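Kindly return the folded structure for what I paste below:
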Amino acid sequence: MHSPVTRWPKPPAWAAPGVDRVGKSDPIDARRIAAAVLPLDEQQLRTPRMDEGIRAAAQILLTARDELTSERTRAVNALTALVRVADLGIDARRPLGAKKIGEIARWRPREEDLATTTARTEAVRLAKRILALDAELSDNMKPDRRTRRRQPRRRPPPGDRHRPRYRRHRPGRLVPPRTGP
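All right, here's what the predicted structure looks like:
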């Protein structure tokens, strides 16, 4: 009939909010958490959340997105520094925008001294890499939209439905909700 009630283990006193600890560090916290969990039976431990791979897919996409964003930031910073140091004909007193990065990516080789030719070649390489990273980031965002659509919609229980306090009568004007039928 009814499933048995499971009592979760009470967290140790040091985990309570407002309790001051001597020091804050991950190794100390990890040791305390391990000491609190190790004496428990397997039935007392929480089971990890399972959403048919949606959480794992989302975590993979977020990790990849973070790496792509970090690499893009490094490339933009390197390109900005290069354009500021070498005289390549680009005003880099302000941050380089998408328009300037696209312009740099379209540069063709010229007959110049060795240092300028090398700087121009590297600037083109960095600009092309930034554009490629932009495309990869855009592609990375597309599966995220699909996983959001596949997740089941969570609805509140019938008695807990949220009713708006005010309804819109006219644009920009709020009026109290109607009472009764």
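
By average pLDDT, which secondary structure element in this structure comes out worst?
The helix or strand of the chain with the lowest confidence, counting by mean pLDDT, DSSP states H and E, is strand 167-170 at a mean of 52.

Helices of the chain, start to end?
Listed in chain order, the helices found in the chain under DSSP state H are 26-37, 54-85, 98-105, 114-150.

among those, which is nearest R46?
Nearest of those to R46, taken as CB to CB: helix 26-37 at 9.8 Å. The C-beta positions use only the backbone N, C-alpha and C, and glycine is treated the same way.

Just the C-alphas of that closest one, formatted as PDB.
Taking C-alpha atoms only, helix 26-37 is exported to PDB below (Å, rounded to 0.1, in the frame of the first residue of the first chain):
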ATOM      1  CA  ASP A  26      37.900  22.100  -0.100                       C
ATOM      2  CA  PRO A  27      40.100  19.400   1.400                       C
ATOM      3  CA  ILE A  28      38.800  20.100   4.900                       C
ATOM      4  CA  ASP A  29      35.200  20.000   3.700                       C
ATOM      5  CA  ALA A  30      35.700  16.900   1.600                       C
ATOM      6  CA  ARG A  31      37.100  15.100   4.600                       C
ATOM      7  CA  ARG A  32      34.200  16.200   6.900                       C
ATOM      8  CA  ILE A  33      31.600  15.100   4.300                       C
ATOM      9  CA  ALA A  34      33.400  11.800   3.800                       C
ATOM     10  CA  ALA A  35      33.500  11.200   7.600                       C
ATOM     11  CA  ALA A  36      29.700  12.000   7.800                       C
ATOM     12  CA  VAL A  37      28.800   9.600   4.900                       C
END
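
if we can go back for a sec, compare the mean pLDDT across the helices of the chain and name the weakest.
Least confident of the helices of the chain, judged by mean pLDDT, is helix 26-37 with a mean of 81.

Packing partners of that helix?
With contacts defined as 3 or more CB pairs under 8 Å, 6 or more residues apart in numbering; DSSP states H and E, helix 26-37 has no helix or strand neighbours.

Name the residues of it that are buried.
Along helix 26-37, no position meets the burial threshold by neighbour count (16 or more other CB atoms under 10 Å).

Same check on stretch 65-79?
By neighbour count on 16+ other CB under 10 Å, the buried set for stretch 65-79 is 68, 72, 75-76, 78-79.

closest to T117 among these?
Comparing these against T117 with CB to CB picks out L79 as the nearest, at 16.5 Å.

Would you confirm that that closest one contacts E103?
No. L79 is beyond contact range of E103, at 11.7 Å (criterion: CB atoms under 8 Å).

and for those two, which residues touch both?
Counting by CB atoms under 8 Å, 6 or more residues apart in numbering, L79 and E103 have no shared contacts at all.

I'm done for today, thanks for sticking with me.
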